[in-house]
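Asker: generate a structure from the sequence data that follows.
(one chain, ligands or ions: 1)
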Amino acid sequence: MNSENMRAESPSTAFSTTPAHESELSAAQTKQPEPAILEAVHLRKYFPLRQFKLLGAPEVVHAVEDTSLALYPAHALALVGESGSGKTTVARLLARLYDPTAGTILFRGKPVNTGKVASLRSYRHHVQLIFQDPFSSLNPVHDVRYHLSRPLRLHGYAHNRNHERELILALLNRVSLSPAEQFIQKYPHQLSGGQRQRVAIARALAARPEVLLADEPVSMLDVSIRLDILNLLLGLKNEHQLALLFITHDIASARYFAEDTLVMYAGQTVEGGPSEDVIQSPKHPYTQLLISAAPDPDRIGTDEQGTAGRPERGEIPSLIHPPTGCCFHPRCPHAMPVCRERFPGRTDLGGGHWTNCFLYGSGDDHSSATSLTDNKTTHTIVPREPKQASQADVQQKEEATPEHN
Ligand code: SF4
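Answerer: Predicted structure coming up:
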């Protein structure tokens, strides 16, 4: 029997097929939102090009432009966009693998000091990144024990070798790799893609973090395994009150896995708010494009807007010489002259839903239009009700969504 199939699904990681109890809902709705654990405030990241240039300033890749977000305990925020939209760079900035060109990262309200090694170690104790590719994130010459023992030793959790082994076995059981004794001595090449990603998740959990940054955690896995891994992440989020950043190019999955959704295009955030509102009632033409490209059986026959006026897929623009004004204007069927001149300010649409588009209130008088250097606009999201998704919903979604690799 395949060892992946031997894994028993932990009850705590399975989706509830029962709707949340009404009394629980009303209690949660009256609960005051907790303070954000991790915040990004006006983050920018420019990568200088390696080129020999005698005259003029060196060119840069504008990977992230003025992005702000906030992560809350036991809440998931989906960061959605096409490849090249800057979402992975945001995750790496938050993980402090990159230093921001501008902007601030706040952990529990305090600016993160990027300079000291000790402070970096302490930060990584709280904030862990799960990489997209489970085939390259594990060192092929080391076994599972080695990969999990390192963070345990680094953060001082293992008192001796016996204790270390106990903690490793507990971690393997926690990510449903059982019997754990069989997996502890395996090398990455002896594991399936799903099992490797579980080891990567166990390694992240070994640091006992408060924030998990999951960078397309299932996009390189077989469709049949994706649901298990996403179930696991959701179970961990709820059980450990983790703040979860879920990076994905599949906007439809965000509705089922995240309370809030933030849409990125060409390094800029263009729409955000409760996932239900953003996905069921998208306002920004780019969000509408993403949704129209994602198969969704729920939407069949309910799309009042149809496809008329929806942008063609087109290409993501150059990030070395990004378009002026709204970066989406070369692809947008609604583009106006002002869209080429200025970046639209944020328009609040109610209920925490907002967008940056001149179609919604800032196109006529330009009163809320801002340039990219205006530092007054924030995209902080207030946490919503914790997500409850049914297994039937998710399975339906997985069947309808094609593989993206
Ligand atoms: Fe289209 Fe203009 Fe809105 Fe940009 S600001 S999405 S170009 S209408």
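Asker: going along the chain from the strand or helix carrying residue 214, find the next helix or strand for me.
Answerer: Following DSSP states H and E, one finds residue 214 within strand 211-215. Past strand 211-215, further along toward the C-terminus, the next helix or strand under DSSP H and E is helix 223-240.
Asker: close to the ligand: what parts of the stretch 101-250 of the chain are there?
Answerer: With the criterion set to CB under 6 Å from any ligand atom, the stretch 101-250 of the chain never comes near the ligand. Glycine gets a C-beta too; all of them are placed from N, C-alpha and C.
Asker: next, the contact list for the residue lying closest to residue 126 once chain neighbours are set aside, please.
Answerer: Residue nearest to residue 126 in three dimensions, not counting chain neighbours: residue 210, with 5.0 Å by CB to CB, 6 or more residues apart in numbering. Listed by CB atoms under 8 Å, 6 or more residues apart in numbering, the contact partners of residue 210 are 37, 73, 126-127, 241-243.
Asker: flag every residue of the stretch 301-405 of the chain that's near the ligand.
Answerer: Contacts of the stretch 301-405 of the chain with the ligand, taken as CB under 6 Å from any ligand atom, map to 326, 328-329, 332, 334-336, 339, 344, 357-359.
Asker: now do the strands in the stretch 201-350 of the chain.
Answerer: Assigned by DSSP state E, counting those that start in this stretch, the strands in the stretch 201-350 of the chain fall at 211-215, 243-248, 260-265, 268-274, 346-350.
Asker: name the nearest residue to residue 83, sequence neighbours excluded.
Answerer: The shortest distance from residue 83 to any residue other than its chain neighbours is 6.5 Å, reached at residue 249 (CB to CB, 6+ apart).
Asker: now do the phi/psi pair for the one you found.
Answerer: phi -100, psi -10 (degrees, to the nearest 10).
Asker: what count of nearby residues applies to it?
Answerer: Here the count is done by other CB atoms under 10 Å, and residue 249 has 17 residues near it.
Asker: distance of it relative to residue 88?
Answerer: Separation of residue 249 from residue 88 (CB to CB, to the nearest Å): 10 Å.
Asker: same thing with residue 213?
Answerer: Distance of residue 213 to residue 88, computed by CB to CB: 10 Å.
Asker: equivalent analysis for residue 360, please.
Answerer: Applying CB to CB, the value for residue 360 to residue 88 is 28 Å.
Asker: contacts only, for the residue nearest to residue 83.
Answerer: Residue 249 is in contact with 80-83, 216, 219, 404, counting by CB under 8 Å, 6+ apart.
Asker: kindly report the same for residue 184.
Answerer: Applying CB under 8 Å, 6+ apart, we find residue 184 in contact with 143-145, 165, 168-169, 172.
Asker: could you rerun that using 7 Å?
Answerer: Residues counted as contacts of residue 184 (CB atoms under 7 Å, 6 or more residues apart in numbering) are 144-145, 168-169, 172.
Asker: neighbour-wise, give me the winner out of those.
Answerer: Counting neighbours by other CB under 10 Å, residue 144 comes out on top of the contacts of residue 184 with 28 neighbours.
Asker: so that residue makes contact with residue 190?
Answerer: No. Distance between residue 144 and residue 190: 9.2 Å, which falls outside the contact criterion (CB atoms under 7 Å).
Asker: kindly reformat the contacts of residue 210 as CSV containing pLDDT and neighbour count.
Answerer: Formatted as CSV, those follow (pLDDT from 0 to 100; neighbours: other CB atoms under 10 Å):
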residue, pLDDT, neighbour count
37, 95, 22
73, 95, 19
126, 93, 17
127, 95, 24
241, 92, 15
242, 94, 23
243, 96, 25
